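A.B. asks: Let me see the structure of the following:
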Amino acid sequence: MDVRFLLLTAISLCLATPSGADEGFWTFNNFPAEKVQKAYGFLPTPEWLDHVRLSSLRTPGRCSASFVSDQGLVLTNHHCVVDCLEELSTGGKDYLASPFVAMKPDEELRCPRIEMNQLTSITDVTEEIRTATKDLSGEALKTALKAEMTRLERACATSETVRCDVVELYRGGKYDLYQYRRYQDVRLVFAPEYAAGQFGGDPDNFSFPRFGFDVALYRIYEDGRPIDSRANFFRWSNTGGVDGEPTFISGHPGRTSRSMTVDQLQFERDARLPFYLGYYAEERGLLTEFRRKGKDESLFAGPDLFYAENALKLIKGQFATILSQSVTDQKEHEERALRREVEKNPATKEFADAWPIVAKAVERYRSLFLPYVIVEGAALRPPPGFQSQLASFAKMLVRASEELKKPDGQRLREYTDANLPALKQALFSAAPIHRELEVEELTFGLGKVREELGADDGFVRRLFGGKSPEELARALVETSTLAKLEERQRLFDGGREAIKASKDPMIAVMRDVVDPFARRIRDDYETNVEAPFAKGGEKIARAVFALHGLSVYPDATGSLRLSYGQMKGPAESDGGGPAVTTIGGAFARSTGRDPFALPPSWLEAKDRLNLDLPLNMATTNEVVGGNSGSPMLNKKAELIGLVFDSNLSGRGNAYLQRPEDRTVAVDSACILEVLSKVYKAERIVKEVRAANGG
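C.D. replies: Numbering: from 1, shown residues only. Down below sits the predicted model:
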């Protein structure tokens, strides 16, 4: 591995100039247009950037997407709609084994748990945040920061169709207020069979060459009709990617950690990554065995298994990267150099205590990490110890009954007025509950609680009450009434009194045992880890801004970013080869056995297909988890591809960028061909072509 490319200035806020021409997760209000012009002879104008931003979409916490017609048609990945396919697979229909094709408008089916967001404006609110938090630390800092962010979001979110998020950038060095147009009536239009969308399965995951048709289409409705999206959508390129021409990816990369301090990276290496490696390895084995019980079990456990396999392979790559001694050495060298520069410069000396602030918080995090991640986890998602949709419903209901009684600025962030529409959509989803899978995964999660916290821990003893993980899981799941939408609505509407009176076992255990413990752990984390991380990050960022300005990109945060690059095959160190694969290559790779078995629809259509058309392509753009479903564009802002993966080298790009990293996309040239000749989806093809003026 070439040390020249490791960590460099982009992995930390020592930042001067990005290490490669194609590096960066750039915000739309700080895009390096002149740098692109110098490298590729094309200047993205403000009008060009606005059009790309408004044509791009996100599914919060999931994937990216984009408008591709003037009638609200949305393009994303097949693996981004797997949950919806599983939820719609009722009455003997299995939309993972067979394709979903809406031949008529009334066949487009609503996805219960999906919403789409369109970023309509970005406002810098850094000064408001700094004023509200000036000279504060610990509990006071946490409280003031939360209250000011809530105030800004509440003032911005003027209706339930508007969502507003304060986005922390440069680890607290800058804050922007992102205003979104929220769409909650999202209907499925097309998805191929799982065998086509995930062709190659786990063996081909994070690799190139690839031969996947990881494509799906939604449509956004409002007031019962498709929305008018003629103002901003991506037209289809007639030529696809062209060697040497710039390529752009507009999407929502989830999280990168390039600006972490040495102490924070050591925590990743010692605690976070090892925990998740073990967790997902065990969950993969559990779900693999569960799917062997029968056809139904295989169907509804499939999405969770896909996620576990993908997460495991990704984290293995991240762990290997962070274990590299050359990475550690380079990071330590850069941090020492920056600290010396900060300490000797009169304009930045006041920020020199940033690293000790972060180091102290890391030490606290080491003792908090396991109870925090296992019992509390991320907002509105089941934590690893309670992998159950019913448990998640119970947590939301119990907390809503308490939080909604408080002033908006004092609530937990996910229960503020601005975030209530997202909460209600998650809580009142009509998606089916599979009780046997709930028991299996909750048993596994509860086993991890006991294993990681210890059988003699006071919380563990109160939780289990002498039962085994399986006994407790069955007792909670099999008698809970929370699978009924009307019961969840009743409890939510009834508020604190309804929750206090509830005899539902899942509500009771959350109310009386889990939530009090989880709240204490969360408060400790937010006060003694999250707040000092933000304070230290802000100081480091302000020092770097004083020394180098805003000529660098911030870490990815799940917010909309734009990256640039060019079509280019794998590096010689990764085996080399062309930048594209073909439809014919998929047939050559097919063995007739999973995961390399093309479905019957493809085999029957082989003679009609143009086998020389590109199927997948590789480029030098930057992506990370969350970019799935991102549009890949040319300089005319035309769609040339649909992002769905990276190569093996790219798994470590949460921590650094390397020249051998590649983005993998479905080439636009094949999508309409396959829709027409394999799936006979002429209605969709005609709509896209008409929107392109053809």
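
A.B. asks: what about K142, distance to A361?
C.D. replies: Separation of K142 from A361 (C-beta to C-beta, to the nearest Å): 12 Å. Glycine gets a C-beta too; all of them are placed from N, C-alpha and C.

A.B. asks: Also P253?
C.D. replies: To A361, P253 is 25 Å away according to C-beta to C-beta.

A.B. asks: who's more crowded, the two?
C.D. replies: More crowded of P253 and A361, by other C-beta atoms under 10 Å: P253, with 26 against 23.

A.B. asks: so who does the more buried one touch?
C.D. replies: F25, A556, G558, R561, E622, V623, V624, G625, G626, N627 (C-beta atoms under 8 Å, 6 or more residues apart in numbering).

A.B. asks: could those residues be laid out in JSON lines, adding pLDDT, distance to R490 and neighbour count?
C.D. replies: Formatted as JSON lines, those follow (pLDDT from 0 to 100; distance: C-beta to C-beta, whole Å; neighbours: other C-beta atoms under 10 Å):
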{"residue": "F25", "pLDDT": "96", "distance to R490": "44", "neighbour count": "27"}
{"residue": "A556", "pLDDT": "96", "distance to R490": "40", "neighbour count": "26"}
{"residue": "G558", "pLDDT": "94", "distance to R490": "33", "neighbour count": "16"}
{"residue": "R561", "pLDDT": "98", "distance to R490": "42", "neighbour count": "29"}
{"residue": "E622", "pLDDT": "95", "distance to R490": "47", "neighbour count": "30"}
{"residue": "V623", "pLDDT": "96", "distance to R490": "43", "neighbour count": "30"}
{"residue": "V624", "pLDDT": "94", "distance to R490": "41", "neighbour count": "23"}
{"residue": "G625", "pLDDT": "92", "distance to R490": "37", "neighbour count": "20"}
{"residue": "G626", "pLDDT": "94", "distance to R490": "35", "neighbour count": "24"}
{"residue": "N627", "pLDDT": "97", "distance to R490": "40", "neighbour count": "27"}
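
A.B. asks: so which of the residues you listed comes closest to T133?
C.D. replies: T133 lies nearest to G558 out of the contacts of P253, by C-beta to C-beta, at 22.1 Å.

A.B. asks: Check what pLDDT the closest residue to the closest one other than its chain neighbours gets.
C.D. replies: Leaving aside its sequence neighbours, G558 sits nearest to G254 (C-beta to C-beta, 6 or more residues apart in numbering; 5.2 Å). On pLDDT, G254 comes in at 92.

A.B. asks: Pull out the buried residues from the helix or strand that contains R366.
C.D. replies: According to DSSP states H and E, R366 maps onto helix 354-371. Buried residues in helix 354-371, counted by 16 or more other C-beta atoms under 10 Å: A354, W355, I357, V358, A359, A361, V362, Y365, L368, F369, L370, P371.

A.B. asks: Closest one to A281 out of the residues you listed, please.
C.D. replies: Nearest to A281 among these, with distances taken as C-beta to C-beta, is L370, at 17.1 Å.

A.B. asks: Just give the nearest non-adjacent residue to the closest one, would you?
C.D. replies: Spatial nearest neighbour of L370, chain neighbours left out: E452 (4.9 Å); criterion: C-beta to C-beta, 6+ apart.

A.B. asks: Also N419?
C.D. replies: R413 (6.8 Å).

A.B. asks: again, but for T261
C.D. replies: Nearest residue to T261 in three dimensions, chain neighbours excluded: V358, at 5.0 Å (C-beta to C-beta, 6+ apart).

A.B. asks: is it true that the one you found touches S259?
C.D. replies: No. Counting by C-beta atoms under 8 Å, V358 does not reach S259; the two are 11.1 Å apart.

A.B. asks: Give me the common contacts of these two.
C.D. replies: Residues touching both V358 and S259 (C-beta under 8 Å, 6+ apart) are G537.

A.B. asks: Where do the domain boundaries of this structure fall?
C.D. replies: Using automatic domain parsing, the domain ranges for the chain come out as 3-115+184-257+554-691, 262-548.

A.B. asks: Redo those as a markdown table? Include distance to T161.
C.D. replies: Formatted as a markdown table, these follow (distance: least, C-beta to C-beta, whole Å):
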| stretch | distance to T161 |
| --- | --- |
| domain 3-115+184-257+554-691 | 8 |
| domain 262-548 | 8 |
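
A.B. asks: so which of those comes closest to I129?
C.D. replies: Nearest to I129 among the domains of the chain is domain 262-548 (9.0 Å), distances taken as C-beta to C-beta.

A.B. asks: End to end on the closest one, go ahead and measure it.
C.D. replies: 21 Å (C-alpha to C-alpha, to the nearest Å).

A.B. asks: next one: stretch 199-212
C.D. replies: With C-alpha to C-alpha as the measure, stretch 199-212 spans 5 Å from end to end.

A.B. asks: One more: stretch 412-426?
C.D. replies: End-to-end distance of stretch 412-426 (C-alpha to C-alpha): 16 Å.

A.B. asks: separation between the residue located most distally from the centre of the chain and A352?
C.D. replies: Of all residues in the chain, P346 has its C-alpha farthest from the mean position, at 40.6 Å, by C-alpha atoms, centre = their mean. Noted for P346: a distance of 11 Å to A352, by C-beta to C-beta.

A.B. asks: can you confirm the residue farthest from the centre of the chain is in a helix?
C.D. replies: No. P346 sits outside any helix when classified using DSSP: H, G, I helix; E, B strand; the rest coil, being coil.

A.B. asks: Not counting stretch 407-416 itself, show me its contacts.
C.D. replies: When contacts are defined by C-beta under 8 Å, 6+ apart, stretch 407-416 is touched by residues 146-147, 149-151, 153-154, 379-380, 399-400, 403-404, 417, 419, 422-423, 522.

A.B. asks: Give me the distance between the two termini of that stretch.
C.D. replies: In terms of C-alpha to C-alpha, the two terminal residues of stretch 407-416 are separated by 9 Å.
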